[in-house]
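Return atomic coordinates for the entry below.
(one chain, ligands or ions: 1)
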Amino acid sequence: MKNPKILILGSNGKTGRRVVEKLHQKNISVRKGSRKAAIPFDWEDENTWEKALEGIEKVYITFQPDLAVPGALQKIKKFTALATQLEVKKLILLSGRGEKEAQLCEQVLMNSSLEWTIVRASWFNQNFSESFFLDPILSGVMALPKSNVPIPFVDADDIAEVVVAALLHSEHSNQVYELTGPEQLNFQQITTQIAEARGKSIQFVPVSMEDYIAAMRGLDLPEGYTWLIEYLFKEVVVDSNAAISNDVEKVLGRAPISFKSFAQEAASTGVWDA
Ligand SMILES: NC(=O)c1ccc[n+]([C@@H]2O[C@H](COP(=O)([O-])OP(=O)(O)OC[C@H]3O[C@@H](n4cnc5c(N)ncnc54)[C@H](OP(=O)(O)O)[C@@H]3O)[C@@H](O)[C@H]2O)c1
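So this is what the prediction gives:
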């Protein structure tokens with residue numbers, strides 16, 4: 001394979017892994033941005049950034065753990081400045097819908113001299129199969145706050161396909177895409193759909209925000225993690241962040257993947273078998 005000109009940060013993550021797979025299917029080689037890669041990349045170690053960017057023209061940026069955390073804006077500023085200095089041409093940023101701090105990070109790219117695309121996504125379907133909602137599903141009890149707030153969950157495969165389009169086609173330069181799924185579902189409805197897909201019941205227990213956070217503190221998780229989850233529930237899971245966008249269809253020319261179809265596919269892999 002030729003020397004890769006595309007760097008995918010978070011290449012083992014929910015969206016990055018899918019972006020890598022989709023580019024490989026097109027015989028396009030990529031440099032994997034991972035702490036475990038041959039040329040490692042670590043957001044916590046700026047000394048790794050330059051080598052990872054050397055010879056690269058386009059970067060898909062997935063920040064860890066979230067663009068809303070204290071210090072993220074400074075890192076995105078430094079990363080963008082370094083990319084500019086190293087003559088990268090285009091940056092594509094995965095951002096979070098409804099997060100004010102993430103939008104400040106978006107502005108850094110928009111105000112740079114580089115081409116950019118912002119992929120501003122709603123919460124992912126894959127949070128239930130590859131992330132923090134998987135364990136409660138496996139335990140058979142989903143105890144969550146904000147149980148009636150509608151959320152337009154989006155599929156990581158749709159996000160990855162939009163990112164691939166943005167990496168390969170200049171018509172997506174200097175665009176902000178708001179990515180949502182085709183429907184709004186609350187946590188209760190999601191729980192029912194997952195239980196149906198896996199053929200095994202899951203009890204849904206509505207809890208207050210205060211009780212949820214107190215329960216997380218009881219689990220002895222890192223304080224930064226608990227802070228982030230509380231922030232996300234308070235800022236992102238709100239009625240004003242629930243509008244459906246048609247940007248997936250605008251970019252891909254097809255409807256976004258439904259939660260039901262995601263759930264059937266995920267169930268068939270056995271990920272929800274206790
Ligand atoms: N989940 C959602 O619903 C949602 C919605 C909107 C936006 N977002 C945003 O999506 C971004 C995450 O993207 P994603 O969900 O595709 O990825 P992800 O699944 O969270 O990516 C996890 C990968 O990140 C890598 N990683 C962890 N710490 C790292 C560090 N210090 N430096 C470099 N890599 C590190 C790890 O890979 P290695 O071990 O290989 O390094 C891990 O496999 C976040 O910025 C989040 O705010 C998420």
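
In the protein, which residue sits closest to the ligand?
Here the chain gets closest to the ligand at one residue, Gly13, 2.3 Å apart by C-beta to the nearest ligand atom. Bear in mind the C-beta positions are built from the backbone N, C-alpha and C, glycine included.

Val207 is in contact with Ala143, correct?
Yes: using C-beta atoms under 8 Å, Ala143 makes contact with Val207 at a distance of 5.0 Å.

anything in contact with each of those two?
Residues touching both Ala143 and Val207 (C-beta atoms under 8 Å, 6 or more residues apart in numbering): Ala215.

I'd say Met216 and Thr226 touch.
Yes: contact criterion C-beta under 8 Å: Met216 and Thr226 qualify, at 4.8 Å.

what's the neighbour count on the spatially closest residue to Leu53 that is not a sequence neighbour?
In space, and not counting its chain neighbours, Leu53 is closest to Leu86: 4.9 Å by C-beta to C-beta, 6 or more residues apart in numbering. Per other C-beta atoms under 10 Å, the neighbour tally for Leu86 reads 14.

surely Leu86 meets Ile56?
Yes: contact criterion C-beta under 8 Å: Leu86 and Ile56 qualify, at 7.4 Å.

ok, now which ones touch the residue of the chain closest to the ligand?
Contact analysis of Gly13 by C-beta under 8 Å, 6+ apart lists Thr62.

give me that answer again for 10 Å
For Gly13, the contacting residues are Val19, Val20, Gly33, Ser34, Thr62, Gln64, Leu94, Gln126, Glu130, Ser131, Ala156, by C-beta atoms under 10 Å, 6 or more residues apart in numbering.

same thing with Ala81?
In this structure, Ala81 makes contact with Val108, Ser112, judged by C-beta under 10 Å, 6+ apart.

Let me know whether my guess that it is in a helix holds.
Yes: counting by DSSP: H, G, I helix; E, B strand; the rest coil, Ala81 falls inside a helix.

I'd say Ala195 and Val141 touch.
No: if you go by C-beta atoms under 10 Å, Ala195 and Val141 don't touch, sitting 11.4 Å apart.

tell me what the host helix or strand of Tyr225 is packed against?
Using DSSP states H and E, Tyr225 maps to helix 223-235. Under the contact definition 3 or more C-beta pairs under 10 Å, 6 or more residues apart in numbering; DSSP states H and E, helix 223-235 sits against helix 100-110, helix 209-218.

ok, of the ones you listed, where does mean pLDDT dip lowest?
Mean pLDDT is lowest for helix 209-218 out of the helices and strands packed on helix 223-235, coming in at a mean of 93.

near the ligand, which residues of the chain show up?
10, 12-16, 34-36, 41-44, 62-64, 66-67, 94, 96, 121, 123-124, 127 (C-beta under 6 Å from any ligand atom).
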